[in-house]
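# Coordinates only, no sequence provided:
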């Protein structure tokens, strides 16, 4: 059986096209998920433009953010049945004997390979998923929203687990892409006073963050907002932009004894001194991916309505119209696009 798929086939920019692929076969511990919705991830756009900094197993089907219904089960799969609604974590390949995996930190396993770059992702009709990656989706949660669990988990891990927010803190988020907006929303749930900073071209996304999540929004220089309480700077900065200049700004605007959590990717060299990290006694924390308890907590937030991703969903496109969805996201006209393979 053949199905259309959005395939990244080479390391050069623009090497993404719609191809016909064969339906995957389930191993004994796998399921075959019939994909109902797949979010367009920033990693998909990076690979489309060849601006990524991670190894890719070409050719590969894009799409690490997805949900659907179980169509087939491997012989050893337990706790699931055909027709169950599910979303999947991204750690498609891990070393089960790694000390990190044994500690529940399989997201940090050096052998980890994810959907959409290491193995085939979900921008197609059917995707093979290890059953250990699956989480049940409650009936009341629409699949278009459930498919965005993954970026919400990235934000949750960055803000709740890897930042140091206390109610009343002033937190600056740099970069109003999907992860930046979701980090700002999470920081608001933590009780922080939050500003989200971007550029003029980010105005549409910033307006969504202001209206939907109650964030202060800043176009350009965030110095005045950062220093307005006592002149010393913000309690913490979340760098969701990734560019070198964002970390430089974070070091300038965070208060002494404050913290910076970096979740944005960027391959550029720094080309500036990080001595302020020492001088100001700043805690710099990276944040990567997520694990099982994060997914369960985020699904609870989405189901209860405490976290609403509908405001950032800019539209749902057919798989055949993937290019339009990619272009809408890349231009900043929308925050998130969702593809529907059926």
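Cool, the structure landed. Everything quoted here is computed from the prediction, not taken from an experiment.

# tell me the SS of the closest residue to residue 308 other than its chain neighbours?
Excluding its sequence neighbours, the residue lying closest to residue 308 (Cβ to Cβ, 6 or more residues apart in numbering) is residue 212, at 7.2 Å. For glycine as for every other residue, the C-beta is placed from the backbone atoms N, C-alpha and C. Per DSSP: H, G, I helix; E, B strand; the rest coil, the secondary structure class of residue 212 is helix.

# is it true that residue 212 touches residue 309?
No - taking contacts as Cβ atoms under 8 Å, residue 212 lies outside contact range of residue 309: 9.5 Å.

# Which one's more surrounded, these two?
residue 309 (26 against 17; other Cβ atoms under 10 Å).

# Backbone dihedrals for the nearest residue to that one once chain neighbours are set aside, both of them.
Nearest in space to residue 309, with sequence neighbours left out and distances taken as Cβ to Cβ, 6+ apart, is residue 148 at 4.7 Å. According to degrees, to the nearest 10, the main-chain angles of residue 148 amount to phi -100, psi 10.

# residues contacting residue 148?
The contact partners of residue 148, by Cβ atoms under 8 Å, 6 or more residues apart in numbering, come to 39, 65, 309, 312-313, 336, 338.

# Quick check: strands, which of those residues are part of them?
Among the contacts of residue 148, the ones falling in strands (DSSP state E) are 39, 65, 313, 336, 338.

# Of those, which pair is most distant in space?
Looking at the ones in strands among the contacts of residue 148 by Cβ to Cβ, the two members farthest from one another are 65 and 313, with 11.8 Å of separation.

# Between the two, which has more neighbouring residues?
residue 65 (33 against 20).

# residues contacting the more buried one?
38-41, 90, 122, 147-151.

# which of the residues in stretch 288-306 are buried?
289-291, 294-295, 297-299, 301-303 (16 or more other Cβ atoms under 10 Å).

# Please apply the same query to stretch 157-173.
For stretch 157-173, the neighbour count (16+ other Cβ under 10 Å) marks 157-160, 162-163, 165, 169-173 as buried.

# what's the answer for stretch 312-330, then?
Buried, per 16+ other Cβ under 10 Å, within stretch 312-330: 312-314, 317, 319, 322, 325-326, 328-330.

# Stretch 263-271 now?
Neighbour-count burial for stretch 263-271 [16+ other Cβ under 10 Å]: 263-266.

# where exactly do the helices run in the stretch 101-250 of the chain?
Here the stretch 101-250 of the chain has its helices, by DSSP state H, counting those that start in this stretch, at 143-146, 149-156, 178-189, 203-213, 223-227, 244-253.

# How about the residue most central in space within the chain, nearest residue that isn't a chain neighbour?
Nearest to the geometric centre of the chain sits residue 151, at 2.8 Å (Cα atoms, centre = their mean). Among residues not flanking residue 151 along the chain, residue 178 sits closest, at 5.4 Å (Cβ to Cβ, 6+ apart).

# wait, what's in contact with residue 338?
Applying Cβ under 8 Å, 6+ apart, the residues near residue 338 are 37-40, 144, 147-148, 313, 315-317, 325.

# Nearest spatial neighbour of it, chain-adjacent residues omitted?
Counting by Cβ to Cβ, 6+ apart, the residue nearest residue 338 is residue 316, at 4.7 Å.

# Next up, identify which helix or strand the one you found is on.
Using DSSP states H and E, residue 316 sits in strand 313-318.

# and the direction of that strand versus that of helix 203-213, what angle?
Strand 313-318 runs at 110 degrees relative to helix 203-213, counting by axes from the mean of the first three to the mean of the last three Cα atoms, to 10 degrees.

# elements contacting strand 313-318?
helix 143-146, helix 322-331, strand 336-340 (3 or more Cβ pairs under 8 Å, 6 or more residues apart in numbering; DSSP states H and E).

# Kindly recompute the last result at 7 Å.
helix 322-331, strand 336-340 (3 or more Cβ pairs under 7 Å, 6 or more residues apart in numbering; DSSP states H and E).

# name the helices or strands packed onto the first one?
Using 3+ Cβ pairs under 7 Å, 6+ apart as the contact test, the elements touching helix 322-331 are helix 42-48, strand 313-318, strand 336-340.

# follow-up on the earlier one: pretty sure the residue nearest to residue 308 sits against residue 311.
Yes - between residue 212 and residue 311 there is a contact under Cβ atoms under 7 Å: 3.5 Å.

# Any chance you could list what contacts stretch 122-129?
By Cβ atoms under 7 Å, 6 or more residues apart in numbering, the residues outside stretch 122-129 that reach it are 3-6, 21, 23-24, 26, 30-35, 38, 61-63, 66, 71, 88, 115, 120-121, 319, 322, 339, 341-342.

# Is there a quick ChimeraX command that grabs whichever of those are buried?
Here is the ChimeraX command that picks out the buried ones among the contacts of stretch 122-129, judged by 16+ other Cβ under 10 Å:
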select :3,4,5,6,21,24,26,30,31,32,33,34,35,38,61,62,63,66,71,88,115,120,121,319,322,339,341
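
# Pretty sure residue 22 sits against residue 3.
No - the pair residue 22 / residue 3 is not scored as a contact, 8.2 Å apart, by Cβ under 7 Å.
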